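*Asks:* Have a look at this prediction, sequence included:
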Amino acid sequence: MTSDPIVLAEGETLVANGEELVYRQVTQHMLTEDGQLGSPAFSPSTSDAGKLSLTRSSLVSAQDARDWHTRNARSKSLGVRGVTVTEVGLAERVVIDDSGVALTEGEKRSPGHCYVDFAGLDKTGRKNVAAILLRFANARGEINTTETTEDGELFPLEQAS
Amino acid sequence: MDESKVELRRFKLTGKRFEGGRLPIDYLVELQNYQALVQTLTVAKWQAGHPGEEVPADLKAETSLAIERIDEGSADIYVVLEQQTAYVQYQEEAQSVVEQTISAAYSGQPLPELPKAINEEIRLGVSQIGATLQPDQTIEIYAAGVDAPPVVVTITTRKEAVDRLALEDFFLTDDPVVAGSHLATVQTSVAGRITELDPEKQSFRFRSLRYGELRGFYKDNPEQKENLKGVLDPPEVGPVVRLTGELQYREGVPWRFKQITNVEKLNLDNSALVELASLPAGWGEAADGEEISFTAIDAASTILAGIDQAGGSRPGLFPTTDGGILLEWSSSDAVRSIEITADGDFELLSLAPGVFQSVQRTVRDITEAIRFATGEVQ
């Protein structure tokens, strides 16, 4: 567990159930051609302001989380991986549920959204956390989902054509 | 307006999109382009007649064009001077030069003499005529009069015209940035494949990994011809090369190499590395990824060769948003990685089984990075 004091914003709560799985969407450039997951999957992008976005499995299915991502994010989800809250704790981080935080105009947040806060970590620290989470995610393997379909389609468009 | 006193300019658009005299809004760009060409040349003509004098503030506004009418059938557009002013003489001369340039570009005749300061700008503008056309469409420009045979602009004829406009006295413009225009030249390197060589024009075509098709010239460095010839091959098959030289941007988009100073075959036998070299800026999830640096690509290539030589297992390759490359071996037990920064530093990470604190260090020496990659050192 992080030794830094945890500061929660209004509307945020700590996810306390250590067994709960949190989902991470895998996008292009996080995966090699032969399916090897990379640690960039567990590093927040610069636009995430140090917050690694995840989805709570107790609230949303892996498939719904994947579908929401593909329909709303910049690039589609190629699959879902996951780590538990305890595993995040072993990397000295916590999982924060921010679903109660008011959205700013135009902002979107996925159902069941939560995040791992990388604030206060330098590059070495961020890479350490990402490597630990990658190792756990590798041990668990890919979480079973299928490619997101277009509304009203039985199969993904690319597959159907 | 009395047509007997005003000379009309006629543009006829054919194709389904224009049937019934319809004029799609996006086609107005074509007319705006034509107007901008005439206005630019009008200013130049006026300046030639008034050396040292300040250009009147109203000159451009007073020399705009207007659509007089659109006839039935396909869109048949007649354009006139919007206002009759003291500048009409310059404007008519300017129109004449624009039309001569268009005619010459599409017929293969020599281009008319253009004012040196705006030579390239005019040719660029003329080369952009027809940029909105689809395969089944044409623009007929009645450059010699509304009833004379027109210049026919199609995707095919335009390609030839653009080549002519680009090649003739191409090297007159030496300024790194052409004032008042949308051209900029930078010294840089670009990866891609040479697909065509034209020794007569000392030019080549280049399919760049990041920017698509580019043209280039080696007039200033004819010795590069043999280097280019050595790597010429059908696209997708030929070796990836790195061209270094003066890359000219138009409207912020890479356009052509004004000259090249070096042709270097890249040792990119790894398709993942070719893909990384192809990433454009903004590839990241938050549009934040920088182009992967050649320093990182070269280093990754060298390390991969070292691994192969030692019979080691190849890592997964991932781009980093800072323009570097991450080489990573990972399993459910351990993680090892080499992050090659855009500047060529090697950040080594090793997370051993059963521990939660990785060992990390940064080295500058690629030999040390290869030893790490092959497991000689931890």
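*Replies:* That came through, no problem.

*Asks:* where do the helices sit along the chain?
*Replies:* With no chain named, the answer covers chain A. Under the criterion DSSP state H, helices of chain A are mapped to A:62-72, A:85-90, A:123-140, A:157-160.

*Asks:* Chain B is the one I meant
*Replies:* B:28-49, B:59-62, B:88-107, B:119-128, B:155-167, B:224-230, B:271-278, B:294-310, B:366-373.

*Asks:* Highest mean neighbour count out of those helices?
*Replies:* Greatest average neighbour count among those goes to helix B:119-128 (a mean of 22), per mean count of other C-beta atoms under 10 Å in any protein chain shown. From N, CA and C alone the C-beta is placed, and that goes for glycine too.

*Asks:* Which elements pack onto that helix?
*Replies:* helix B:28-49, helix B:88-107, helix B:155-167 (3 or more C-beta pairs under 8 Å, 6 or more residues apart in numbering or on different chains; DSSP states H and E).

*Asks:* and of these, who's closest to chain A?
*Replies:* Closest of these to chain A is helix B:155-167, at 27.0 Å (criterion: C-beta to the nearest C-beta).

*Asks:* Just want the angle from that closest one to helix B:119-128.
*Replies:* Per axes from the mean of the first three to the mean of the last three C-alpha atoms, to 10 degrees, the angle that helix B:155-167 makes with helix B:119-128 is 170 degrees.

*Asks:* What are the contacting residues of helix B:155-167?
*Replies:* Helix B:155-167 has contacts (C-beta atoms under 8 Å, 6 or more residues apart in numbering or on different chains) with B:104-106, B:108, B:111, B:123-124, B:126-127, B:129-131, B:133-135, B:153, B:201, B:203, B:215, B:256.

*Asks:* before we move on, what about stretch A:23-36?
*Replies:* A:37-38, A:40-42, A:52-57, A:60, A:62, A:65-66, A:69, A:73, A:75-83, A:137, A:143, B:271-272, B:283-285, B:289, B:316-319, B:328, B:330.

*Asks:* What would stretch A:16-25 look like as CSV? C-alpha coordinates only.
*Replies:* Provided in CSV are the C-alpha atoms of stretch A:16-25 (Å, rounded to 0.1, in the frame of the first residue of the first chain):
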residue,chain,number,x,y,z
ALA,A,16,-11.9,-1.6,-0.4
ASN,A,17,-12.6,-5.1,-1.6
GLY,A,18,-9.2,-6.5,-2.3
GLU,A,19,-10.5,-9.4,-4.4
GLU,A,20,-12.4,-7.1,-6.8
LEU,A,21,-11.0,-7.2,-10.3
VAL,A,22,-10.5,-3.9,-12.2
TYR,A,23,-10.5,-4.0,-16.0
ARG,A,24,-8.0,-2.4,-18.2
GLN,A,25,-8.8,-1.8,-21.9
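
*Asks:* now it, how far from the chain's geometric center?
*Replies:* Averaging C-alpha positions (C-alpha atoms, centre = their mean, to the nearest Å) puts stretch A:16-25 9 Å from its chain's average.

*Asks:* pLDDT (mean, whole number) over it?
*Replies:* The pLDDT scores in stretch A:16-25 average 97.

*Asks:* Same check on stretch B:190-204?
*Replies:* Rounded mean pLDDT across stretch B:190-204 is 86.

*Asks:* What's the end-to-end length of that stretch?
*Replies:* Start to finish, the residues bounding stretch B:190-204 are 14 Å apart (C-alpha to C-alpha, to the nearest Å).

*Asks:* buried residues in that stretch?
*Replies:* B:Val190, B:Ala191, B:Gly192, B:Arg193, B:Ile194, B:Thr195, B:Leu197, B:Gln202, B:Ser203, B:Phe204 (16 or more other C-beta atoms under 10 Å in any protein chain shown).

*Asks:* Parallel or antiparallel, which strands does the helix or strand bottoming out on mean pLDDT in chain B pair with?
*Replies:* Least confident element among the helices and strands of chain B, by mean pLDDT, DSSP states H and E: strand B:76-81 (a mean of 74). The strands beside strand B:76-81 in its sheet (DSSP bridges) come out as strand B:9-14 (antiparallel), strand B:65-71 (antiparallel).

*Asks:* Any chance of TSV for the ones you listed, columns mean neighbour count and mean pLDDT?
*Replies:* As requested, the strands paired with strand B:76-81 are exported to TSV (neighbours: other C-beta atoms under 10 Å in any protein chain shown; pLDDT from 0 to 100):
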stretch	mean neighbour count	mean pLDDT
strand B:9-14	21	78
strand B:65-71	15	76
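
*Asks:* who wins for proximity to A:Lys108 among these?
*Replies:* Between A:Lys108 and the strands paired with strand B:76-81, the shortest gap by C-beta to C-beta is with strand B:9-14, which sits at 42.3 Å.
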